[in-house]
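K.L.:
Return a 3D structure for these sequence lines:
(one chain, ligands or ions: 1)
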Amino acid sequence: MTLHVEIQHRQGDFQLDLAFTSQTGVTALFGASGSGKTSVLRILGGLVRPHCGRIVLDGEVLLDTSTGVFVPAHRRRLGYVFQEPRLFPHLSVRQNLLYGRWFSSRKPNADDVVRITDLLGIRALLDRRPAGLSGGEKQRVAIGRALLASPRILLMDEPLSALDEARKAEILPYLERLRDDVQLPILYVSHAATEVARLADQVVAMADGKITATGSASEILALSSEATSREAGSVLTGRVQLAADEPDIARIILADCELIVPRGQLEHGRRLRVHIPAREVLLATVRPEGISALNILKAEVEAINLQPQGIADVSLLCGGERLSSRITALSAERLSLVAGKPVYAIIKTVALDTV
Ligand SMILES: Nc1ncnc2c1ncn2[C@@H]1O[C@H](COP(=O)(O)OP(=O)(O)OP(=O)(O)O)[C@@H](O)[C@H]1O
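P.N.:
Residues are numbered from 1 along each chain as shown. Now for the predicted structure:
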């Protein structure tokens, strides 16, 4: 799958001006509120016609303002999942799920319904009404409805933002399954670094209607640019290991070290990306004792970048992994940090943001 997007569009005082190409996998449109992410999705979905633009999906031109091509929304075969599930309250889950077929050229059959309801863990809910479902269940039904319309790509607009942390944790593994098992291309709008770290193969960072950076999740989330500074940090990839004698925790096995995190809904053996915000990584020059943090990693200072307002961004090497720590310049000075110095990186387990 290749999606090529070029847009120039003014709405009120706001100007969108961007171009990007996304490949198979999950591409995240990542940026602060008001950066224009939803506007891009609405234009892609055919809900808004931009002043100037060209959108090509796998060689098919969906929009080209220079030649007057505008494929209407219902013919684009794109699945749309919004922040709110937008289910019909008077229809059962089954009827809600099948609603999307009216707009699909490929009608789902009974096998499709079984496959998708199993994938999303909603088969037992088929005869229920939306009013009786939890927020997480409703959103999984909304995802199922979008999938049953056989989309070529799924557009997701902050699909977890209306949910509490527990419901987010419930849905994230299903999105990972869509990415890994179904291999459905997803364009995922989010301002949450945690979700982007966990899901995205490619990140398009946006600010003020423009693209500020594109790259892998680890490249973009390591940046301390204006768009990401609050969440600057590292993205580490490992495999989940669960042990019967450790019922509450999971170990994330990385290249040369491991992290302990709350078990939550994590599945044994699954590849997982964890985002560790730089502000949650403390440094010590001797191994701390009598401390509640479970993750204390041996590391070496790679580089120190002094930032405005007395902040120091410290890049660390932990075995084969690169970890960022954001401390005050005063602390860096007091610890006499220099490149090559051995240190201990202390990560609060709850700060791992795997959920
Ligand atoms: N129909 C419209 N008319 C005028 N301005 C609009 C319109 N729709 C959106 N905007 C403005 O465009 C800008 C981008 O909005 P958009 O919703 O795309 O941002 P976003 O990054 O998705 O933000 P959020 O995460 O808060 O949804 C905002 O300043 C918004 O006020």
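K.L.:
When you work out contacts or count neighbours from here on, use the C-alpha atoms and nothing else.
P.N.:
Fine.
K.L.:
what about Ala255, distance to Ala299?
P.N.:
Distance of Ala255 to Ala299, given as C-alpha to C-alpha, to the nearest Å: 14 Å.
K.L.:
anything in contact with each of these two?
P.N.:
Common contacts of Ala255 and Ala299 (C-alpha atoms under 8 Å, 6 or more residues apart in numbering): Gly319.
K.L.:
who has more neighbours, these two?
P.N.:
Neighbours per residue, other C-alpha atoms under 10 Å: of Ala255 and Ala299, the larger number sits with Ala299, 22 against 14.
K.L.:
How about that one: what's its closest non-neighbour residue?
P.N.:
Residue nearest to Ala299 in three dimensions, not counting chain neighbours: Cys318, with 4.5 Å by C-alpha to C-alpha, 6 or more residues apart in numbering.
K.L.:
burial count for the one you found?
P.N.:
Each residue near Cys318 was counted by other C-alpha under 10 Å, and the total is 20.
K.L.:
Enumerate the beta-bridge partners assigned to it.
P.N.:
Glu321 (DSSP bridges).
K.L.:
quick one: it from Val286, how far?
P.N.:
For Cys318, the distance to Val286 equals 15 Å [C-alpha to C-alpha].
K.L.:
ok so, going back, surely the residue nearest to Ala299 meets Val301?
P.N.:
No - using C-alpha atoms under 8 Å as the test, Cys318 is too far from Val301 to be in contact (9.1 Å).
K.L.:
For the ligand, give me its nearest residue in the stretch 151-300 of the chain.
P.N.:
Closest contact between the stretch 151-300 of the chain and the ligand, by C-alpha to the nearest ligand atom, is at His191 (6.5 Å).
K.L.:
Could you verify my assumption that that residue touches Gly31?
P.N.:
Yes - counting by C-alpha under 8 Å, Gly31 is a contact partner of His191 at 5.1 Å.
K.L.:
If you count surrounding residues, which of the two has more?
P.N.:
Higher neighbour count among His191 and Gly31: Gly31, with 27 against 22, using other C-alpha under 10 Å.
K.L.:
Could you list the low-pLDDT ranges of the stretch 151-300 of the chain?
P.N.:
Flagging of the stretch 151-300 of the chain using pLDDT under 70 yields the residue ranges 223-231.
K.L.:
Let me see the ranges of the strands in it.
P.N.:
Assigned by DSSP state E, counting those that start in this stretch, the strands in the stretch 151-300 of the chain fall at 153-157, 186-190, 202-207, 210-215, 233-241, 249-253, 258-262, 271-277, 281-284, 295-307.
K.L.:
do the third one and the ligand meet?
P.N.:
When you say that, I think you mean strand 202-207. No - using C-alpha under 6 Å from any ligand atom, strand 202-207 stays clear of the ligand, with a minimum separation of 7.9 Å.
K.L.:
Using the three-state scheme, assign Gln139.
P.N.:
Three-state assignment for Gln139 (DSSP: H, G, I helix; E, B strand; the rest coil): helix.
K.L.:
Do I have it right that it meets Val93?
P.N.:
No - look at Gln139 against Val93 with C-alpha under 8 Å: they stay out of range, at 11.3 Å.
K.L.:
Contact residues of the stretch 1-150 of the chain facing the ligand?
P.N.:
Going by C-alpha under 6 Å from any ligand atom, the residues of the stretch 1-150 of the chain near the ligand are Gln11, Gly12, Phe14, Ala32, Ser33, Gly34, Ser35, Gly36, Lys37, Thr38, Ser39.
K.L.:
Tell me the buried residues within those residues.
P.N.:
Neighbour counting with 16 or more other C-alpha atoms under 10 Å marks Ala32, Ser35, Gly36, Lys37, Thr38, Ser39 as buried within these.
K.L.:
Would you mind putting those into TSV with pLDDT alongside?
P.N.:
Listed next are those as TSV, based on pLDDT from 0 to 100:
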residue	pLDDT
Ala32	88
Ser35	94
Gly36	95
Lys37	95
Thr38	94
Ser39	96
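K.L.:
Next up, the contacts around Leu29.
P.N.:
By C-alpha under 8 Å, 6+ apart, the contact set of Leu29 is Lys37, Leu187, Tyr188, Val189, Ser190, Val203, Val204, Ala205, Met206.
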